[in-house]
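Student: next input, structure requested:
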Amino acid sequence: MPTEVAIWRMDNGGRPRRMRTAAMPLERDLEDVIEADPDILGEPVLLIGRQVPTAHGGFVDLLAVDGEGCLRVLELKRDRTPREVIAQALDYASWAASLSHAQILRIFADYRADETTFESAFEERFGVAAPEELNAAHRVTIVAARLDEATERIVGYLADLGAPVNAVFFHYYEDDGHRYLARTWLRDEAKAAPAPRAGKSSTREPWNGVDWYSAFGEEGGTRSWDDARRFGFVSAGGGKWFSQGLRRPRLGDRVNVYIPKVGYVGVGEVCGEPAPFTEAVVGDGSVRLAEQQLVGTYRHAGDENDPDVAEYVLPVRWLKTVDRSDSVTAKGIFALQHPMCRLSNATTLAILNARFFPERATT
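Tutor: Take a look at the predicted model:
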């Protein structure tokens, strides 16, 4: 069941007034909204096509890839019945699952209509190089302006059977001349597993939906593990594609911190939203980080005028931390320069669990 969304407006006297949902003027406007800002879906994706023609005469509303190179088929419900839109979306998914690497690159080139390459767009969006293999798995998302019982029932049934399908609903509000959108996922999108590409096995280990990897670079004195350990945070910055990954973990997710060329030094739970260093609060939410005596500077040239290069801070409640001298490392352990990405390497997770939480292995 999706979480009910309700919004209250606080009047000048401090009295809450519940905002009432309104009928969205045109449901197809959602296609424009998502194209303008894909982050409204809640997880970074790179759009690679709109109204993409399939081999069967249809047109995919929006086609995207996520940070793992998996395809995302986004289909708007519009005024179709639940059976019609879900059947259409699954038909499009069967076509998308067969797309080759070269076909995906051609779709992107047709969509962008400029000189931007897929590889450069992917790295700009996710902060890492594009994977050698695209479309190892795929997911289907039904986009609608309202929840109806039939869509909820059918999508839930398919998802319970393991189909990579979900639905996202946008609630529309109008108040004093302003328009608002609120998003609700039918099922927890962060833990929805994509379907492996038909006819071949996935080259990636499944992700548990909870653990993230964070590279905490200390070079140049910008950051210090001593600060992060003391006040409870991880950080990244110096460019938008460095810091935007901090938005991916959800509250309660685990962050496994790795200092490049040193090793893993901590595991913690996300306990707040990312914010620029100059505005960040940590601890119980009352400690302004910029006002503390810190070892690191957490500043970058030009960040006073350009928020894209600012250092961003993600509050973390530590479960276990160690000194650099006691860091955890081993041959073949997962390690990248990526500020934040999913940690799905089972061997690495087992090593960290054994070293940081030995009591769990004996119970």
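
Student: and for the residue nearest to residue 312 when sequence neighbours are not counted, the neighbour number?
Tutor: Spatial nearest neighbour of residue 312, excluding adjacent residues (CB to CB, 6 or more residues apart in numbering): residue 243 at 4.1 Å. Yep, even glycine has a C-beta here, placed from its N, CA and C like the rest. A count of nearby residues for residue 243, using other CB atoms under 10 Å, gives 25.

Student: what's near enough to touch residue 243?
Tutor: 236-237, 274, 310-312, 339 (CB atoms under 8 Å, 6 or more residues apart in numbering).

Student: what about 10 Å?
Tutor: Taking CB atoms under 10 Å, 6 or more residues apart in numbering, we find residue 243 in contact with 127, 235-237, 274, 276, 307-314, 339-340.

Student: quick one: buried ones out of those residues?
Tutor: 127, 235-237, 274, 276, 309-314, 339-340 (16 or more other CB atoms under 10 Å).

Student: helices along the stretch 201-350 of the chain, start to end?
Tutor: 225-231, 240-243, 346-356 (DSSP state H, counting those that start in this stretch).

Student: just the buried positions in the last one, please.
Tutor: Neighbour-count burial for helix 346-356 flags 348-349, 351-352, 355-356 (criterion: 16+ other CB under 10 Å).

Student: tell me what that helix is packed against?
Tutor: strand 211-215, strand 254-259, strand 263-270, strand 312-321, helix 358-361 (3 or more CB pairs under 10 Å, 6 or more residues apart in numbering; DSSP states H and E).

Student: and the residue sitting nearest the centre point of the chain, how far is that from residue 103?
Tutor: Using CA atoms, centre = their mean, the residue of the chain that lies closest to the mean C-alpha position is residue 43, 3.0 Å off. In this view, residue 43 and residue 103 are 24 Å apart by CB to CB, to the nearest Å.

Student: so what's residue 104 closest to, chain neighbours aside?
Tutor: residue 134 (5.2 Å).

Student: returning to what we had before: and the residue nearest to residue 312, how far from residue 232?
Tutor: Residue 243 is 18 Å from residue 232, where distance means CB to CB.

Student: cool, and residue 33?
Tutor: Distance from residue 33 to residue 232, counting by CB to CB: 35 Å.

Student: please apply the same query to residue 175.
Tutor: The gap separating residue 175 from residue 232 is 37 Å, by CB to CB.

Student: neighbour count: these two, which is higher?
Tutor: Comparing residue 175 with residue 232 by neighbour count (other CB under 10 Å), the higher total belongs to residue 232, at 24 against 13.

Student: so the more buried one makes contact with residue 283?
Tutor: Yes - applying CB atoms under 10 Å, one finds residue 232 in contact with residue 283, separated by 6.2 Å.

Student: okay, and the common contacts of these two?
Tutor: Common contact partners of residue 232 and residue 283 (CB under 10 Å, 6+ apart): 271-272, 289, 315, 317.

Student: buried only: go through those residues for me.
Tutor: Among those, the ones that count as buried by 16+ other CB under 10 Å are 271-272, 289, 315.

Student: quick one: which of those is nearest residue 79?
Tutor: The nearest member of those to residue 79, counting by CB to CB, is residue 272 at 40.6 Å.

Student: which non-adjacent residue is nearest that closest one?
Tutor: Closest residue to residue 272 apart from its sequence neighbours, by CB to CB, 6+ apart: residue 315 at 3.3 Å.

Student: now the buried ones among the shared contacts of residue 232 and residue 283 as JSON lines including distance to residue 248?
Tutor: As requested, those are exported to JSON lines (distance: CB to CB, whole Å):
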{"residue": "271", "distance to residue 248": "15"}
{"residue": "272", "distance to residue 248": "14"}
{"residue": "289", "distance to residue 248": "21"}
{"residue": "315", "distance to residue 248": "15"}
